[in-house]
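Engineer: Quick one: sequence plus predicted model below, questions after.
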Amino acid sequence: MYTGTLLDIAMLHSDSLIEKAKNGDEKAVSRLVSLWYKRIYNFCFKYFSDHDMAMETAQQTFISMYRSIGNLKDTKSFRSWLYRIALNHCHDEERKRKRNMSISINGENEDEENNIRQIRDTNPDPSDRLQISELNQILLDSFKDIPVEQREVLIMKEYEGLKFREIAEILGISENTAKSRLYYGLGSLKKILKEQNINKNTVCYEG
């Protein structure tokens, strides 16, 4: 479950930084990227369970942020606005993946590996890391079998700590619909994990 950190507090209280970025301050834009990159990358990674796709989507998200932040009307809505951009790029990337499913890719572009930021394992006990890593991978893989509408809400609420109001705004749905999708998403996840003899409470949510 989502827990607040000093970084989260800084992210949520960066109104002056956002205002500067809106007015074309390059340093403010860079600072916003630094503050939000890991959170957006993690969101994309949990959406795809794929590092390369998450990297590509996160990069595209911040390119779009840079180009469009001057048009952001309400500074207070920055978080939901940024997640909406990320989700739109996730949808775009998923459509590309489906179109290219039959294409065999023989190599990767090493140039795109610059500025990679890995998710850090914060578990203090090395002897437990492998088991927790495996459990989290099972959880992430299970997301693929959850309907995308439920998956989106599940990630935004359970991992990202967004409010139902924000989720509803991002997805263009009512709060009740967001709550319903979360309910069914959790039910779907519980069923999938049960089939694999995994207790959801034993899986560590990574931020």
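Structural biologist: Structure received. Residues are numbered from 1 along each chain as shown.

Engineer: Whichever strand or helix holds Arg181: which residues count as buried?
Structural biologist: Of the helices and strands defined by DSSP states H and E, Arg181 is found in helix 175-195. Neighbour-count burial for helix 175-195 flags 177-178, 181-182, 184-186, 188-189, 192-193 (criterion: 16 or more other C-beta atoms under 10 Å). In this view, the C-beta of every residue, glycine as well, is placed from N, C-alpha and C.

Engineer: can you list the domain ranges for this structure.
Structural biologist: Here the domain parsing of the chain from automatic domain parsing is 1-100, 127-207.

Engineer: Comparing the ones you listed by mean pLDDT, which bottoms out?
Structural biologist: For the domains of the chain, the stretch scoring lowest in mean pLDDT is domain 127-207; its value is a mean of 80.

Engineer: from the chain's centre, how far out does that one sit?
Structural biologist: Centre-to-centre, domain 127-207 and its host chain are 12 Å apart (C-alpha atoms, centre = their mean, to the nearest Å).

Engineer: Let me see the residues that make contact with the one helix or strand Tyr37 maps to.
Structural biologist: Tyr37 belongs to helix 26-48 when assigned by DSSP H and E. Outside helix 26-48, the residues that touch it by C-beta atoms under 8 Å, 6 or more residues apart in numbering are 7, 10-11, 14, 17-18, 20-21, 51, 53-55, 57-58, 61-62, 65-66, 69, 82-83, 86-87, 89-90, 93-94, 117, 119, 140, 143, 151-152, 155-156, 159-160, 206-207.

Engineer: Could you tell me which of those count as buried?
Structural biologist: 11, 14, 17-18, 20-21, 53-55, 57-58, 61-62, 65, 69, 82-83, 86-87, 89-90, 93, 140, 143, 151-152, 155-156, 159-160, 206-207.

Engineer: Out of the buried residues of helix 175-195, the closest to Asp74 would be?
Structural biologist: Ala178 (19.8 Å; C-beta to C-beta).

Engineer: Cool, thanks, talk later.
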